[in-house]
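Chemist: What would the 3D arrangement of this be:
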Amino acid sequence: SDSHTSHKSFSSRRAIAHFYIHKQTNKQKMATENIKLMGMGNPLLDISSDVPQEILDKYDVKLNNAILAEDKHLPLYQELVASYSPQYIAGGATQNSIRVAQWMLSGTAPKSTAFMGCVGKDEFGAQLEKCASEEDGVLVHYMKDDEAPTGTCAVLVKDGERSLIANLAAANNFKPSHLETQLAKDIYNAASVYYIAGFFLTVSVESLKIIADHAVEKNKTFCLNLSAPFIIDFFADQVATAMPYTDFVFANESEAETYAKKHDLGSDLKEVALKVAAMPKTNSNRPRTVVFTQGSESTIVACDGQVYEFAVDPLEKEKLVDTNGAGDAFVGGFLSVLIQGNESYEIEKAVKAGHWAAREIIQRSGCTFPKECAYKA
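Modeler: Model prediction:
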């Protein structure tokens, strides 16, 4: 009889375990059923503190400058945490855009965005997840690296000016294997729009191709940002791999100029936009749209042989806090209109939402926003 009871308890334990596994998968499915927009990129935790001059001197950094961290800068991150009560802000270009898009959609479409990238198994990674998921409502599915720490960007602020020191660390270690996890598959199968910043081209082109191929096969929308002149100049092959997949290409004026120079497209950005829009395309079901922002100058959009310009409402100089995250915010606003489907997507509406989001973000420190989004389309 003993063996009978133990067998019975074993089978009921197995049934319970099975029920929990089933429940988990259902929970995951429920988490992803409203996902329309997926981003994949380099998640970085911005660690922003007001600091005295001696910290700038100690780490040999200058204001209004951005550098990649060297060994001598590494103790800085913990020092900020220990002594300068920093603000933690979820950062990284793609993740910023996804957070802004979700904020813009918070009233109409909560839980409709997701983000993937690689972090470390540490305090900063947990902080990043809390900020992006709990506070901003993005479904975050990070790959977690056992060795490397979470990528960070130290933001040292003195008298309103700032110095940036970025350390990619774990963000550099994203692998295509992460896209084989069940939650990743649920996310990218549910999404209809994909957004990846060019910064990710230095990390995993293979992962980008998996998502881009899926987009082509299912006739979904794939968007790429050129992100920085150094990406265009030094990762030209990776950019060339990604370009044919693009339904939307975003760039600012310096990236557009760099791309034009590299590919002999001339210097008139309207012409450049038209030429980029007409480049070979893997999915011929829809024309490519090219969007060039120019700071406070008008935004250029080219599509289907037409080119449009949209003026930016000027912002009074005293309201400008910093332009950090402005381009990311523009894309977030734009995508928040794009994912609502063909009925509500018009170029003008999307650009207007992008301009509004960027204007909000430049009046605050870093890529942050008030809890409530006051945007009215």
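Chemist: Please make it C-alpha for all contacts and neighbour counts, starting now.
Modeler: Noted.
Chemist: The residue nearest to residue 40 when sequence neighbours are not counted and residue 33, how far apart?
Modeler: Nearest in space to residue 40, with sequence neighbours left out and distances taken as Cα to Cα, 6 or more residues apart in numbering, is residue 116 at 4.8 Å. As for residue 116, its distance to residue 33 is 17 Å (criterion: Cα to Cα, to the nearest Å).
Chemist: Which of these two has more residues huddled nearby?
Modeler: Under the neighbour definition other Cα atoms under 10 Å, residue 116 and residue 33 were set side by side, and residue 116 has more, 23 against 15.
Chemist: so the more buried one touches residue 140, yeah?
Modeler: Yes: assessed by Cα atoms under 8 Å, residue 116 is found in contact with residue 140 at 6.2 Å.
Chemist: so what sits against both of the two?
Modeler: Shared contacts of residue 116 and residue 140 (Cα atoms under 8 Å, 6 or more residues apart in numbering): none.
Chemist: where do the helices sit along the stretch 251-377 of the chain?
Modeler: 253-262, 269-277, 326-338, 347-361 (DSSP state H, counting those that start in this stretch).
Chemist: what about the ones you listed, which gets the closest to residue 71?
Modeler: helix 326-338 (28.7 Å; Cα to Cα).
Chemist: So which elements touch that closest one?
Modeler: The criterion is 3 or more Cα pairs under 8 Å, 6 or more residues apart in numbering; DSSP states H and E, and the helices and strands that helix 326-338 contacts are helix 93-104, helix 347-361.
Chemist: what's in contact with the longest one?
Modeler: In this case it means helix 347-361. Contacts for helix 347-361 (Cα under 8 Å, 6+ apart): 100, 299, 310, 312, 315, 323, 325-338, 367-369, 375, 377.
Chemist: Repeat that for the first one.
Modeler: The list of residues contacting helix 93-104 from outside it, by Cα under 8 Å, 6+ apart, reads 37-43, 90, 109-115, 132, 136-138, 195-197, 199, 325, 328-336, 357, 367, 372-373, 375.
Chemist: quick check: angle from that helix to helix 326-338?
Modeler: Orientation check (axes from the mean of the first three to the mean of the last three Cα atoms, to 10 degrees): helix 93-104 against helix 326-338 gives 50 degrees.
Chemist: List the strands paired with the helix or strand that comes right after helix 93-104, with their directions.
Modeler: Per DSSP states H and E, the first helix or strand lying C-terminal to helix 93-104 is strand 113-116. Under the criterion DSSP bridges, strand 113-116 sits next to strand 37-40 (parallel), strand 139-140 (parallel) in its sheet.
Chemist: where's residue 304 relative to residue 214, distance?
Modeler: 24 Å.
Chemist: cool, residue 289 as well?
Modeler: 19 Å.
Chemist: neighbour-wise, which of these two wins?
Modeler: Neighbour totals were compared for residue 289 and residue 214, and residue 289 leads with 24 against 16 (other Cα under 10 Å).
Chemist: wouldn't that one be in contact with residue 248 here?
Modeler: Yes: under the criterion of Cα under 8 Å, residue 289 makes contact with residue 248 at 4.8 Å.
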